[in-house]
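Participant: here you go, sequence then predicted model.
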Amino acid sequence: MKTDGLAPLFEDPGPFATAYVDVSRDVENPSSVADLSVRAATDRLSDEGAPEGVQQSITERLAQPTGLPAPTSRCVVATENGGILLDEVTRTDRTAPHGSWGALPDLLPWIADADATVPFVLALVDHEGGDVSVHRSGVHRAPETTEAGGETAYENKVAGGGWAHLRWQHSTENVWERNAQDVAKEIRQYVSGEGIDLVLLAGEGDSRAQVRDALSDIQGVTITELEAGGRNADGGDAALAAAVERALDEVLGTRAVDRNEELAERLGRDDAVATGLNDVLNAFVTGQVERLLVDPDGVADLEVEPSHYPGLAFGAITEVPERLPAGPVLVAAATLTGAAIEVVPRAMQFDAPVSALLRWNAPPAEGVNP
């Protein structure tokens, strides 16, 4: 997960109330169930000392309809002076309501769910243009779709060969190329505007190739072609959905393998890597961390003594407690230094609860926290 969108949170001095609960309301999960989840989270806020006004703000926001089908969970962060600072929905079933009141927002449970759903652009293309939409993995909901292209080869086809036929063919191919460029332009807007790094192309083979060629200069984006589905394919929805699932499994599996191989290689060379809470926090102090790898369960019982890490970023907090839970500290440090957060099981980090891939290799400062 990219953390730049979380940065405004840390401009508030806190303390922060965080609630993350399942707010699904449907036949299988009626309002009474969702209300109980909200009550459990706000009761926890009350037990930890959150002001009544903050509790009320959280309760009212969680009660607002999301307009989404189940499963739907909602993460809300609020402070006494700043009001609602974060309101995010995930398409997950949050079975255990989460609530906390503390010096830092407690976002790791939400990040764990949000990191498991991947945004991607899906473009269904043919010679007349394409339908471009943004989806998230695991979310089965009709998205808003933008039509691109639409220009048609209006000249009647000329029978036989000769110059007239060649002129018609050249004109038609130009129209197809312009439509492909229009589709690529729409995809670029989503990629740059929403930070999406995965594009799936479905539809006619020639059109897919033209759109892919038009996107050849994009950096850091995976483009995958699907053999199933099209703009007007009869009965093709099921085949397209299956092809999308296969592509997502393959792409995400490849990324996980690449990340694990990179971590193992860096550990083997002892190069630009930190493992364990102490080393990772020291790397945050020097601004070295590029990607934080964390197992939420692995750090759930760990604490940090901030005085042992002079220079560790905490944002606008004016009074830093003597001890803080590790999860919120790691999220704050990652956000305030521009590091990405990836949720990775401990077993895939060579039994470390937290690791970091670093921007450069330098001896970390000495720390004393285990």
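Facilitator: Great, that's in hand. Numbering: from 1, shown residues only.
Participant: drop to CA atoms for contacts and neighbour counts, all remaining ones
Facilitator: Noted.
Participant: can you give me the distance of A247 to G130?
Facilitator: A247 is 20 Å from G130, where distance means CA to CA, to the nearest Å.
Participant: between these two, who's got more neighbours?
Facilitator: G130 (31 against 16; other CA atoms under 10 Å).
Participant: wait, the more buried one sits on A123?
Facilitator: Yes: using CA atoms under 8 Å, G130 is in contact with A123, at 6.3 Å.
Participant: now the helices for the stretch 251-370 of the chain?
Facilitator: Using DSSP state H, counting those that start in this stretch, the helices of the stretch 251-370 of the chain run over residues 277-285, 296-299, 326-336.
Participant: which elements pack onto the second one?
Facilitator: This means helix 296-299. helix 108-115, helix 326-336 (3 or more CA pairs under 8 Å, 6 or more residues apart in numbering; DSSP states H and E).
Participant: export it as PDB, just CAs?
Facilitator: Provided in PDB are the C-alpha atoms of helix 296-299 (Å, rounded to 0.1, in the frame of the first residue of the first chain):
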ATOM      1  CA  PRO A 296       0.100  -7.600  11.900                       C
ATOM      2  CA  ASP A 297      -0.200 -10.700  14.100                       C
ATOM      3  CA  GLY A 298       3.500 -10.800  14.600                       C
ATOM      4  CA  VAL A 299       3.800  -7.300  15.900                       C
END
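Participant: show me which positions of that helix end up buried.
Facilitator: 296, 298-299 (16 or more other CA atoms under 10 Å).
Participant: and the residues you listed as a markdown table, adding pLDDT?
Facilitator: Converted to a markdown table, the buried residues of helix 296-299 look like this (pLDDT from 0 to 100):
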| residue | pLDDT |
| --- | --- |
| P296 | 96 |
| G298 | 97 |
| V299 | 98 |
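Participant: out of the helices of the stretch 251-370 of the chain, flag the one nearest P97.
Facilitator: Among the helices of the stretch 251-370 of the chain, the nearest to P97 by CA to CA is helix 296-299 (15.6 Å).
Participant: what's the closest one in contact with?
Facilitator: Helix 296-299 is contacted from outside by 108-109, 112, 326-327, 343, 346, 353-354, using CA atoms under 8 Å, 6 or more residues apart in numbering.
Participant: between those, which is nearest S32?
Facilitator: P109 (23.3 Å).
Participant: surely L336 and A7 touch.
Facilitator: Yes: judged on CA under 8 Å, L336 makes contact with A7 at a distance of 6.4 Å.
Participant: more neighbours: the two, which one.
Facilitator: L336 (21 against 16).
Participant: for that one, what are its contacts?
Facilitator: L336 neighbours (CA under 8 Å, 6+ apart): 7, 10, 313-315.
Participant: put together a markdown table for those residues, with distance to A50 on each row.
Facilitator: Below are those laid out as a markdown table (distance: CA to CA, whole Å):
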| residue | distance to A50 |
| --- | --- |
| A7 | 23 |
| F10 | 18 |
| A313 | 24 |
| F314 | 20 |
| G315 | 20 |
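Participant: ok, which stretches of the stretch 101-250 of the chain are helices?
Facilitator: 108-115, 162-194, 205-214, 237-269.
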